[in-house]
Every structure is written in structure tokens, then in C-alpha cells.
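S.K.: okay, here's the prediction I keep looking at, along with the sequence it came from:
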Amino acid sequence: MSYRIAEVAELVGVPATTLRYYEDIGLVEQPARGGNGYRSYEDADLARLRFITATKNLGIPLTDVAELVKAYDVEDCSSVAHQVVEMVAVRLAETQTRIGELVALAAQLQGVSARLADAPTSGPCGEGCPCATAAPAPLADRRTFVPLTRAPLVAAPDVPVLACSLDAGSVPGRISDWRALVARAVRREPITGGMALQFVASPELIAEAVRLAAAEQDCCTFFTFTVQMTTGQVRLEVRAPEDAADIVAAMFGTAG
């Protein structure tokens, strides 16, 4: 079956300009042209472009995608899959590191926002004003990394390991669940070693808070969760070691 470029673009899920760009950089060969001069794609071209799109959507650089395309055309599927797995492993390691950086950055930004909220209502900026002093030291000197790996970690006795064994594919869903719960808090207050969140009680909220606390403690053992229930209210207390303070702030917010 033959396809026009507009049809292929719709089936693959990329603009026609992207398909032309792939031709320009030599990622794919230019398709044959019909008597009317239009590009004519075959089923094999469509399958190859879907493969390219799928690997590129994993964040694999186009230079590496080009190598995969060469393998796709001549090697067994198992061999190509193995190469994709290796490249995905590199991307996974990069993503896990970036998650740690973003958690630390989010905590810093929350702290900066809180300090700037105390700026005086009048007077010019100058030496010592919050605008010039709210920013902390460079992130590279202050960040806390949270290794997302099941590899064994060695730590001194009685020193909790700041690590999470949750597989990377499950991280976005877990973060989304926590954000949805934290957004329902009617009050936050700092406590020794962490943060307390107050909620309006409901059976569904209690069940969700307990579920998430149990799931998080199972993969991130440095967290301690306490759920207190009183008439009409639920209090969730989250504690962690001092070195994980920025993680607590990023996940559960600051006082407010």
C-alpha cells in the first residue's frame, strides 16, 4: 500500500516537516515519487518511521537513532532490542540523576519564595535586601541526590540510607498521587524533623493517606509517617533525616 506524506505524518504522529528533515539529515532515504511528483511511502517506510519515532520519544539522540536504524534494516529484532535497552539504560541513569537535582532545586525555590515574601513594603533595594540575599549557595554545592536504584548501598551503622528502590517507571505516578493528596491539605506546619499536613477527614482521604504512606515507606525507608485521626480532621506527619530536608519540602511543601 502506498501513502502520501500527509498520511504518513498522521499515522506516525509527527509533522510532515519532520519527515522531510529526516530525509535531509540522511536518517531515512528519500522515498520514491509518483508520476505526480509527490512522495510515495510504502508499508516498510511507515514501519521504519514508527521505529524512529518510538526511539526518539525515549529521548535517545538522533545520532544514536541513526545507528539503530542501520541495525533495524539488517539485524534480528532481538539484536536491535538489546541495543535499544542499552541506550535506554543510559537515558534512565541520566533521568534518575536529574530527578535528584530537580528535587533539590524545588526545595531551594520554595525557600527563596518564603524569604522574599518577607521583603519590606517600602524602600529601595540595596545591600542586604531580600532580593539580593534570598538565593542560596549554588545548587551544585547544596543538592541532595536520591539514588533511584536497587543496587546495594553501604552506609555507616545507624545512618539511614537516602535511597529509593521504586522503579523509575513508577516514579511519575507516585509523585502525581502525592501531589493530589498534598493539594487537599488545609494547613501545613513544620515539626521536628519534617512537616505536618492537616486535612478535613473522610474515609477516602484516610485510606489514600495510609496507602501512600505505606507505599512510600516501603521503598524509601528513611521516611517516617504518622497518621493521627480526630473528629473531622486527619493529621499526617512526615519525618526524615536532616540530609533529606529538601526532599520533604519538595514533596510535601512548606508551612502555610
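M.R.: On my side now, so go ahead.

S.K.: grab the nearest non-local neighbour of Ala106.
M.R.: Of all residues not flanking Ala106 in the chain, Ala250 sits nearest, at 4.0 Å (Cβ to Cβ, 6 or more residues apart in numbering). C-beta coordinates here come from the backbone N, C-alpha and C atoms, glycine included.

S.K.: just the CA atoms of the helix or strand hosting the one you found, as CSV, please.
M.R.: Using DSSP states H and E, the element containing Ala250 is helix 245-252. Provided in CSV are the C-alpha atoms of helix 245-252 (Å, rounded to 0.1, in the frame of the first residue of the first chain):
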residue,chain,number,x,y,z
ALA,A,245,15.0,18.0,54.5
ASP,A,246,14.9,19.4,50.9
ILE,A,247,13.2,16.2,49.7
VAL,A,248,10.5,16.6,52.4
ALA,A,249,10.0,20.3,51.4
ALA,A,250,9.8,19.4,47.7
MET,A,251,7.3,16.6,48.1
PHE,A,252,5.1,18.0,50.9
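
S.K.: who are the packing partners of it?
M.R.: helix 77-116, helix 171-182, strand 194-200, strand 233-239 (3 or more Cβ pairs under 8 Å, 6 or more residues apart in numbering; DSSP states H and E).

S.K.: between strand 194-200 and the second one, find me the angle.
M.R.: Helix 171-182 and strand 194-200 meet at an angle of 60 degrees, taking axes from the mean of the first three to the mean of the last three Cα atoms, to 10 degrees as the criterion.

S.K.: and if you look at the longest one?
M.R.: Inter-element angle recorded for helix 77-116 and strand 194-200: 90 degrees (by the same axes, to 10 degrees).

S.K.: counting by contacts, list what helix 77-116 packs against.
M.R.: Counting by 3+ Cβ pairs under 8 Å, 6+ apart, helix 77-116 packs on helix 62-74, helix 130-133, helix 139-142, helix 245-252.

S.K.: just name the most buried of the ones you listed.
M.R.: Stretch with highest mean neighbour count among those: helix 245-252 (a mean of 21; mean count of other Cβ atoms under 10 Å).

S.K.: quick one, that one and strand 194-200 angle?
M.R.: Relative orientation of helix 245-252 versus strand 194-200 (the same axes, to 10 degrees): 10 degrees.

S.K.: quick thing: my sequence starts at 199, can you match it?
M.R.: Happy to do that; since the first residue is 199 now, the last one works out to helix 443-450.

S.K.: average pLDDT across helix 443-450?
M.R.: Averaging pLDDT along helix 443-450 yields 79.
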